[in-house]
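Enquirer: what follows is a predicted protein model with its sequence.
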Amino acid sequence: MEKGVPIRSLSRGIAVIQAINRENTLSMMEIARASEVPYPTACRIVQTLLHEGLIEREPSRKRYRPTALVQTLAHGFQGDAQLARVARAHIVDLTRRIGWPISLTTNVGHSMVIRDSTHALTTLVFNNYHTGFTMPVLECAAGIGYMSFIDDQKRQDMLNALKLLPDRVNLHMINLLEEGPLVSDVQRDGYATRGHNRFTRNPGKTSSIAVPILHDGAVAGMLTLAFFSAAMKMTDAIERFAIPLQETAATIAKEL
């Protein structure tokens with residue numbers, strides 16, 4: 001086996017359990033679509049996860065949901081507890097001032113994972129997003145921002161790994177991060193944007209702006225503000241919210 005080549009079946013299994021955990025309850029067709037795994041393969045993976053007790057079928061309908069056993073997959077991980085504790089009061093304050101929800105995310109492998117959010121504190125949301133909700137790193141403003149602010153070697157290593165999963169990643173975005181002006185533009189502006197987000201519970205309905213929390217020369221996490229795509233243009237959102245986001249990120253970084 002060539003060094004560095006992933007086990008495809010394991011990658012697909014992870015994608016399926018992440019999709020179910022992210023959405024909380026899904027039909028078989030929705031699981032295949034959300035995980036981008038062929039339907040017959042997704043069915044076999046679901047049967048395996050049922051056997052292992054990580055998911056269960058809802059009694060009254062053909063939908064699947066995670067069980068408490070999925071929490072065992074995170075036992076021993078405490079990496080971002082301090083970041084979440086420090087950030088909480090500041091993202092709450094920012095949401096109360098501007099109205100829109102703020103998410104705190106960190107990078108885990110090929111995903112950006114929500115560590116805290118203020119969705120429950122505002123009515124300007126379609127859905128609440130719980131801690132642990134994941135988004136593909138190349139498909140969200142937080143991920144694009146994260147990739148832009150990490151060092152060049154780490155970025156290239158991540159992109160090389162993502163290229164090994166061509167059926168699951170945005171190859172156009174990889175090209176922009178490698179050869180286009182995207183990285184330098186994000187670094188210059190101090191924020192990343194994503195219009196009409198696809199990987200949400202209401203695809204296409206929200207857009208977002210993300211800024212890095214820079215601590216000790218590294219990206220400790222990302223702050224993301226989400227807003228209704230129909231409510232305002234991205235240029236207006238940047239003008240109104242970019243600086244408050246950056247100021248909040250800087251305050252959090254100082255307290256870490």
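Expert: Received, thanks. Being a predicted model, the structure only gives us computed values, none of them experimental. Numbers count the residues shown, from 1 in each chain.

Enquirer: what's near enough to touch the residue lying closest to residue 13 once chain neighbours are set aside?
Expert: Excluding the flanking residues, the one nearest residue 13 by CB to CB, 6 or more residues apart in numbering is residue 45, at 5.1 Å. To be clear about C-beta, it is placed using only N, CA and C from the backbone, and glycine gets the same treatment. Contact analysis of residue 45 by CB atoms under 8 Å, 6 or more residues apart in numbering lists 12-13, 16, 37.

Enquirer: all strands for the stretch 101-250 of the chain, in order.
Expert: 102-108, 111-117, 134-136, 192-194, 206-215, 218-228 (DSSP state E, counting those that start in this stretch).

Enquirer: just tell me which of these ends up closest to residue 84.
Expert: strand 111-117 (4.8 Å; CB to CB).

Enquirer: sheet partners, orientation included, of the closest one?
Expert: strand 102-108 (antiparallel), strand 134-136 (antiparallel) (DSSP bridges).

Enquirer: any idea which of those is most buried?
Expert: Ranked by average neighbour count under the criterion mean count of other CB atoms under 10 Å, the strands paired with strand 111-117 are headed by strand 102-108 at a mean of 23.

Enquirer: can you pick the most crowded of the contacts of residue 45?
Expert: Neighbours here mean other CB atoms under 10 Å. Within the contacts of residue 45, the largest count is held by residue 16, at 27 neighbours.

Enquirer: tell me the one of the contacts of residue 45 nearest residue 119?
Expert: residue 16 (24.9 Å).

Enquirer: counting neighbours, what do you get for residue 27?
Expert: Count around residue 27 with other CB under 10 Å applied: 13.

Enquirer: what pairs with residue 214 across the strands?
Expert: residue 219.

Enquirer: identify the residues contacting it.
Expert: Residue 214 neighbours (CB under 8 Å, 6+ apart): 149, 220, 249, 253.

Enquirer: of those, which is the nearest to residue 85?
Expert: residue 220 (12.5 Å).

Enquirer: tell me which residues touch the closest one, please.
Expert: So residue 220 contacts 83, 106, 213-214, 253, 256 (CB under 8 Å, 6+ apart).

Enquirer: follow-up on the earlier one: of the contacts of residue 214 - the most surrounded one?
Expert: In those, the most neighbours by other CB under 10 Å go to residue 249, 27 neighbours.

Enquirer: how much space separates that residue from residue 70?
Expert: 30 Å (CB to CB, to the nearest Å).

Enquirer: next one: residue 248
Expert: Taking CB to CB, one finds residue 248 at 31 Å from residue 70.

Enquirer: those two: who's more crowded?
Expert: Taking other CB under 10 Å, residue 248 and residue 70 do not tie; residue 248 has more neighbours (21 against 18).

Enquirer: quick one: contacts for the more buried one?
Expert: Counted by CB under 8 Å, 6+ apart, residue 248 has contacts 90-91, 93-94, 102, 223.

Enquirer: list only buried entries from the residues you listed.
Expert: For the contacts of residue 248, a burial check counting by 16 or more other CB atoms under 10 Å picks out 90-91, 94, 102, 223.

Enquirer: output those residues as JSON lines; include the columns distance to residue 54 and pLDDT.
Expert: Converted to JSON lines, these look like this (distance: CB to CB, whole Å; pLDDT from 0 to 100):
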{"residue": "90", "distance to residue 54": "35", "pLDDT": "98"}
{"residue": "91", "distance to residue 54": "31", "pLDDT": "98"}
{"residue": "94", "distance to residue 54": "36", "pLDDT": "98"}
{"residue": "102", "distance to residue 54": "31", "pLDDT": "97"}
{"residue": "223", "distance to residue 54": "31", "pLDDT": "98"}
